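Asks: okay, structure incoming, though there's no sequence with it:
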């Protein structure tokens, strides 16, 4: 082959083309014919495309998947406009109940992919450790245990008497990721606070005000720690028995906190897990690429349904009666899906779609008004809205003049709580008596935007975590 190429180059050097007549084209035609004849008899030549080493399964359906994900936190002043995500592979193909899942994971992350329950925590990236008091030998937050003097949940300030508009307690939350699109704080029906700091998750009893335990990267031989991806979303199951954790590498894990063990690793996304929501034993998850997975945690092959958003998902929640699933996108679309999760992915469409000018990240169903849902707008919008999902219309709204980062309903007290960014970084409580939406409390104390909110079971306390790496407890 090299000799033929050398001969051809020599012909070109001594007999350059002077025109486009057949005489001048003859040497190249002869060369091409010789290459073709030799290729057919001796296998692929260097100039022919070679077969790739990795073959795709027959029937695997290709789809658009971005190879470069926008994982960085948005700036303090706005949420970035996320571009369309294109690539060459689909996250999940549903065929006869069989799922094909994958994710880019580090060697220390979970290897089981949902077909078997695993209990050997040290081999799975995280290990459970007992809680310690704030002045004991508590671990540092993050994945490497360095660089912070404050322990998670260490008391920074404690008020002897609750003052109006001021926090009852101020606790440390070092290494709390300043990312608008994450959800790193949740309170169970038993009053257990889960807080994700870097690649560790800490559990704190809000009633006894004592640490329960924490999940941290498992140590490796030589004193090194596993490079576990940071947590992007966490939520408790409705009965408070299981803690579900989603990571930036697309992993989803279930932990039994009472028995201090990993219960299940579920099929993962190929991108950041942005949202998780429970419907009895069904767990729905959404990712940055716009895919929704419905997972039954009781069966060996948990993936039972899927749907696809046109934009990246940043919020997901089942209605209190489990009749509808709401999903919010980075493009400002609020979609309502019915409860039938089975069926081919491509045939599933939302029953209602509503549009707001900014990302639908702060979102929650009203617990006592069927089909009503509240959303908060980003910095471009700053509008708090309540939607009637049946006709798909906004029934009332209020201008907050600030970024709405988080939103929760206080079921027992029947008010709405919002966490804000610039300019005041406040927590606002609202009453809603149709059609009016009015602020009743404004709680100040954070120095940066309030990214996460949670409430205790009887709605008497509000927990807020901000980009100032502080956790505040407000007594209502």
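Replies: Sure, I can see it. This one's a predicted model, so the numbers in the text were calculated from it and none came from an experiment.
Asks: name the spans of the stretch 1-150 of the chain whose pLDDT lies under the cut-off.
Replies: Counting by pLDDT under 70, the stretch 1-150 of the chain shows low-confidence ranges at 1-124, 132-149.
Asks: cool, and the stretch 151-300 of the chain?
Replies: Checking the stretch 151-300 of the chain against pLDDT under 70 turns up 159-164, 220-226.
Asks: and the closest residue in space to residue 206 that isn't next to it in sequence, what does it touch?
Replies: Closest residue to residue 206 apart from its sequence neighbours, by CB to CB, 6 or more residues apart in numbering: residue 191 at 4.6 Å. Any C-beta I mention is one placed from the backbone N, CA and C, and that applies to glycine too. Neighbouring residues of residue 191 by CB atoms under 8 Å, 6 or more residues apart in numbering: 205, 206, 207, 456, 457.
Asks: shouldn't the second one be in contact with residue 193?
Replies: Yes: contact between residue 206 and residue 193 holds when scored by CB atoms under 8 Å: they sit 5.3 Å apart.
Asks: overlap of the contact sets of those two?
Replies: Residues touching both residue 206 and residue 193 (CB under 8 Å, 6+ apart): 187, 463.
Asks: enumerate the positions of stretch 337-353 that are buried.
Replies: Using 16 or more other CB atoms under 10 Å as the test for burial, stretch 337-353 gives 337, 341, 345, 348, 350, 352.
Asks: my bad, should have said stretch 190-210
Replies: For stretch 190-210, a neighbour-count test (16+ other CB under 10 Å) marks 190-204, 206 as buried.
Asks: on that earlier part again, from the contacts of residue 191, which single one is nearest residue 298?
Replies: Nearest to residue 298 among these, counting by CB to CB, is residue 457 at 25.8 Å.
Asks: nearest residue to that closest one other than its sequence neighbours?
Replies: Spatial nearest neighbour of residue 457, chain neighbours left out: residue 189 (5.4 Å); criterion: CB to CB, 6+ apart.
Asks: tell me where the protein has helices.
Replies: 2-14, 22-42 (DSSP state H).
Asks: related to what we said a few turns ago, nearest to residue 357 among the buried residues of stretch 190-210?
Replies: For these, the nearest to residue 357 is residue 196 (29.7 Å; CB to CB).
Asks: who is that closest one paired with across the strands?
Replies: Going by DSSP bridges, residue 196 is paired in beta bridges with residue 201.
Asks: residues contacting the residue nearest to residue 457?
Replies: By CB under 8 Å, 6+ apart, the contact list for residue 189 reads 236, 238, 239, 240, 457.
Asks: tell me how many other residues crowd residue 175.
Replies: 19 (other CB atoms under 10 Å).
Asks: which residues sit in contact with the residue lying closest to residue 293 once chain neighbours are set aside?
Replies: Leaving aside its sequence neighbours, residue 293 sits nearest to residue 285 (CB to CB, 6+ apart; 5.0 Å). For residue 285, the contact set (CB under 8 Å, 6+ apart) comprises 246, 252, 266, 269, 273, 275, 276, 292, 293, 295, 316.
Asks: the fourth one touches residue 290, doesn't it?
Replies: No: in this structure residue 269 lies outside contact range of residue 290 using CB under 8 Å: 10.4 Å.
Asks: would you mind measuring from the residue nearest to residue 356 when sequence neighbours are not counted to residue 375?
Replies: Distance criterion CB to CB, 6+ apart; nearest residue to residue 356, sequence neighbours excluded, is residue 332 at 5.0 Å. Residue 332 sits 10 Å away from residue 375, going by CB to CB, to the nearest Å.
Asks: give me the common contacts of the two.
Replies: The contact sets of residue 332 and residue 375 overlap at 356, 360 (CB under 8 Å, 6+ apart).
Asks: who's more crowded, these two?
Replies: A count of neighbours by other CB under 10 Å puts residue 375 above the other of residue 332 and residue 375, at 28 against 19.
Asks: before we move on, the earlier item: measure the residue nearest to residue 293 to residue 370 for me?
Replies: Using CB to CB, residue 285 is found at 25 Å from residue 370.
Asks: what's the burial count for residue 309?
Replies: 22.
Asks: now do the contacts for it.
Replies: 286, 290, 291, 292, 327, 329, 333, 335.
Asks: residue 269 is in contact with the third one, correct?
Replies: Yes: taking CB under 8 Å as the contact criterion, residue 291 and residue 269 are neighbours in contact, 6.4 Å apart.
Asks: looking at these two, which is more packed in?
Replies: Set side by side, residue 291 and residue 269 show more neighbours around residue 269, with 26 against 23, by other CB under 10 Å.
Asks: so how far is residue 330 from that one?
Replies: Separation of residue 269 from residue 330 (CB to CB): 16 Å.
Asks: with residue 296 instead?
Replies: Separation of residue 296 from residue 330 (CB to CB): 28 Å.
Asks: higher neighbour count, the two?
Replies: Using other CB under 10 Å as the criterion, residue 296 and residue 330 rank with residue 330 on top: 26 against 17.
Asks: can you give me the pLDDT of that one?
Replies: pLDDT for residue 330: 95.
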